[in-house]
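Novice: here is my input; please provide its structure:
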Amino acid sequence: MKHFEDVAIVGGGPSGAFCALELAKQGIYATIFDHSYPREKPCGGGISPPIIEQFPIVETFRPLGFTFSDFRIISCAEIQVVTKRLAGGFCISRQLFDEGILNIALENGAKLVKEKVIDVTRERSGWRIKTNRELYSARILVGADGVNSIVRRNTVGAISKENLALTFGYKVTSIKQVPATIKYLGVIPGYIWVFPGKNYFNVGIGSELKYGSRLKRLLDDFIISYCPDTKVISMYAAILPSAKSSDFFSLPCAGDNWILIGDAAGHVDPVSGGGILYALWGGKLGAFAIKNKDLKSYDNAWRSAYGKKLVESCNRKEDFYDPGKSTASILLGLVNKVYTLSPT
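Specialist: Numbers count the residues shown, from 1 in each chain. Predicted coordinates for the structure are as follows:
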């Protein structure tokens, strides 16, 4: 059996669900294909003030998370400082956050097909979508299916290994309250994070894909030093986009009848690894392009809205993870009273 959909969104995470929500507001009811969402995602789940400011809808999820005020930064040289810049942010389970966005989209008229998309191919009138159960056709195809996007693979090609990073981490409990923390790594480019949640902590590490074999040991050593008396609830690992060169962002993310958003587009901050802001932003801009029947305009829209930020972040990535320069930056922050010394 073959079913026709006007707009098909492959992927029900924040980018796909938010795109569907924005379309529904315009009377366009997309069909989301996802067999796994909502699910826990290997991610710190940090919601920063800029995300809340840009998308006030996420404020509704604060009661499900943990609000933090102080944010600790630890340099490669073990200098510990505290910043208030992220005050008002919160951490939340990605399962709860993603489920919230998806449910709002469905309540507003979007549809969800809980089937796994295993292939997409171009047709004269649009796209053929093959799932593990059925065949569908769609006029417009939105790729919101993550770093290993099937839609991306069949349009501009898969993300190359040099533009990928790996995260590894634990969900833990602790008898001690640990503040939200970022710890710079000195031996490899990357950082360790600690994000407190409700009755748990998310402790993880991220770096370039080629350093993957070293992540567990570095994280375990950090936990022994900074997070004693913890008990591991679960373990996770995931690959995510992390542009090595700003040329990566010159690749198209739209065509006559397709667009890529979120991780599928590679729209993740190359320094921090944060992708929630750009997932929501790309979903909104993608919906606007679909509504205006000019999908190629999406490329200009995202580049104008946040593309320069991604490029700038990519260009300063090497300096950000340089042990000497990152430590100097923290010391300068102390001088300018951006940071205060943290008790060790």
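
Novice: not including adjacent chain positions, what is the nearest residue to residue 338?
Specialist: Once flanking residues are discounted, residue 338 sits nearest to residue 83: 6.4 Å by CB to CB, 6 or more residues apart in numbering. Quick note: C-beta positions are derived from backbone N, CA and C, even for glycine.

Novice: any idea how far residue 342 is from that neighbour?
Specialist: Relative to residue 342, residue 83 is positioned 10 Å away (criterion: CB to CB, to the nearest Å).

Novice: could you do residue 204 as well?
Specialist: 20 Å.

Novice: out of the two, which sits in the more crowded spot?
Specialist: Using other CB atoms under 10 Å as the criterion, residue 204 and residue 342 rank with residue 204 on top: 23 against 17.

Novice: which is the next helix or strand following the helix or strand where that one lies?
Specialist: Element membership of residue 204, judged by DSSP states H and E, is strand 201-208. The first helix or strand that comes after strand 201-208 along the chain, using DSSP H and E, is helix 215-226.

Novice: can you list contacts of that following helix?
Specialist: 74, 166-170, 172, 178, 181, 183, 185, 187-188, 192, 194, 203-207, 230 (CB atoms under 8 Å, 6 or more residues apart in numbering).

Novice: repeat the analysis, applying 7 Å as the threshold.
Specialist: Outside helix 215-226, the residues within contact range by CB atoms under 7 Å, 6 or more residues apart in numbering are 166, 168, 169, 183, 185, 192, 203, 205, 207, 230.

Novice: next, the buried residues of it.
Specialist: Residues 215, 218, 219, 222, 223, 226 are the ones in helix 215-226 that count as buried (16 or more other CB atoms under 10 Å).

Novice: how far away is residue 253 from residue 303?
Specialist: From residue 253 to residue 303 the distance is 9 Å (CB to CB).

Novice: before we move on, back to that, in CSV: the buried residues of helix 215-226, plus pLDDT.
Specialist: Output for the buried residues of helix 215-226, formatted as CSV (pLDDT from 0 to 100):
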residue, pLDDT
215, 96
218, 96
219, 96
222, 94
223, 92
226, 88
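
Novice: CSV for those, including distance to residue 98?
Specialist: Below are the buried residues of helix 215-226 laid out as CSV (distance: CB to CB, whole Å):
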residue, distance to residue 98
215, 24
218, 28
219, 24
222, 27
223, 27
226, 29
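
Novice: what is the nearest of those to residue 62?
Specialist: Within those, proximity to residue 62 (CB to CB) peaks at residue 226, which comes in at 26.4 Å.

Novice: what pLDDT does the most centrally placed residue in the chain get?
Specialist: Nearest to the mean C-alpha position of the chain, by CA atoms, centre = their mean, lies residue 275 at 2.7 Å. pLDDT for residue 275: 94.

Novice: ok, for it, nearest residue in space, not its chain neighbours?
Specialist: Closest to residue 275 by CB to CB, 6+ apart is residue 268, at 4.0 Å.

Novice: surely the one you found is in a strand?
Specialist: No - counting by DSSP: H, G, I helix; E, B strand; the rest coil, residue 268 is not part of a strand but coil.

Novice: burial count for it?
Specialist: 25.

Novice: that one contacts residue 279, correct?
Specialist: No - taking contacts as CB atoms under 7 Å, residue 268 lies outside contact range of residue 279: 8.7 Å.

Novice: helices of the stretch 201-344 of the chain, start to end?
Specialist: 215-226, 276-291, 297-302, 308-315, 317-320, 323-335 (DSSP state H, counting those that start in this stretch).

Novice: give the buried residues for the fifth one.
Specialist: Applying a neighbour-count criterion of 16+ other CB under 10 Å, the buried positions in helix 317-320 are 317, 320.

Novice: who's in contact with residue 248?
Specialist: Per CB under 7 Å, 6+ apart, neighbours of residue 248: 163, 266.

Novice: typo on my end, it should be residue 7
Specialist: Contacts for residue 7 (CB under 7 Å, 6+ apart) come out as 23, 28, 30, 138, 140, 142, 290.

Novice: inside helices: which ones of the residues you listed?
Specialist: Counting by DSSP state H, the contacts of residue 7 place 23, 290 in helices.

Novice: looking at the contacts of residue 7, which are in strands?
Specialist: In this view, the contacts of residue 7 that belong to strands under DSSP state E are 138, 140, 142.

Novice: before we move on, back to that, ok, and the most crowded of the contacts of residue 7?
Specialist: Using other CB under 10 Å as the neighbour criterion, residue 142 leads the contacts of residue 7 with 34 neighbours.

Novice: how far away is it from residue 258?
Specialist: 7 Å.

Novice: repeat for residue 302
Specialist: Applying CB to CB to residue 302 and residue 258 gives a distance of 14 Å.
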